[in-house]
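> sharing a model prediction with you, sequence too.
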Amino acid sequence: MTFLSAPRAKALVVAAAIAGGLGLAGSAQAAGGCGPGFHPNPWGICRPN
């Protein structure tokens, strides 16, 4: 007997991929939308950290 049926296993893989994508999108929008390793200066221009 298997731990997960095929449809449930497929749903679990899809859910993990979506959750991983959302986490990645969240980190790319860090520091005022400049992305990792950058921050906005007082005028809103992205500068390296």
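Sure thing, it's come through.
> would you list every one of the strands in this protein?
Per DSSP state E, the chain carries strands over the ranges 38-40, 46-48.
> list of residues touching the last one?
Just to be clear, that refers to strand 46-48. For strand 46-48, the external contacting residues (Cβ atoms under 8 Å, 6 or more residues apart in numbering) are 32, 34, 35, 37, 38, 39, 40, 41. (Glycine included, C-beta is placed from N, CA and C.)
> highest mean neighbour count out of the strands of the chain?
Highest mean neighbour count among the strands of the chain (mean count of other Cβ atoms under 10 Å): strand 38-40, with a mean of 14.
> in its sheet, what does that strand sit against?
Here strand 38-40 is paired, per DSSP bridges, with strand 46-48 (antiparallel).
> quick one: mean pLDDT for the partner strand?
Averaging pLDDT along strand 46-48 gives 95.
> now residue 41: how far from residue 33?
According to Cβ to Cβ, to the nearest Å, residue 41 stands 13 Å off from residue 33.
> and for residue 5?
Taking Cβ to Cβ as the measure, residue 5 falls 42 Å from residue 33.
> also residue 8?
Noted for residue 8: a distance of 37 Å to residue 33, by Cβ to Cβ.
> any idea how far residue 48 lies from residue 8?
Using Cβ to Cβ, we find residue 48 at a distance of 45 Å from residue 8.
> what do you get for residue 46?
Distance from residue 46 to residue 8, by Cβ to Cβ: 43 Å.
> now do residue 35
From residue 35 to residue 8 the distance is 36 Å (Cβ to Cβ).
> any weak-confidence spans in this protein?
In the prediction, the chain carries residues with pLDDT under 70 at positions 1-4, 20-31.
> repeat that for 80
Filtered on pLDDT under 80, the chain yields the residue ranges 1-9, 11-32.
> about what we covered before: put together a markdown table for the strands of the chain, with distance to residue 14 on each row.
Below are these laid out as a markdown table (distance: least, Cβ to Cβ, whole Å):
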| stretch | distance to residue 14 |
| --- | --- |
| strand 38-40 | 32 |
| strand 46-48 | 34 |
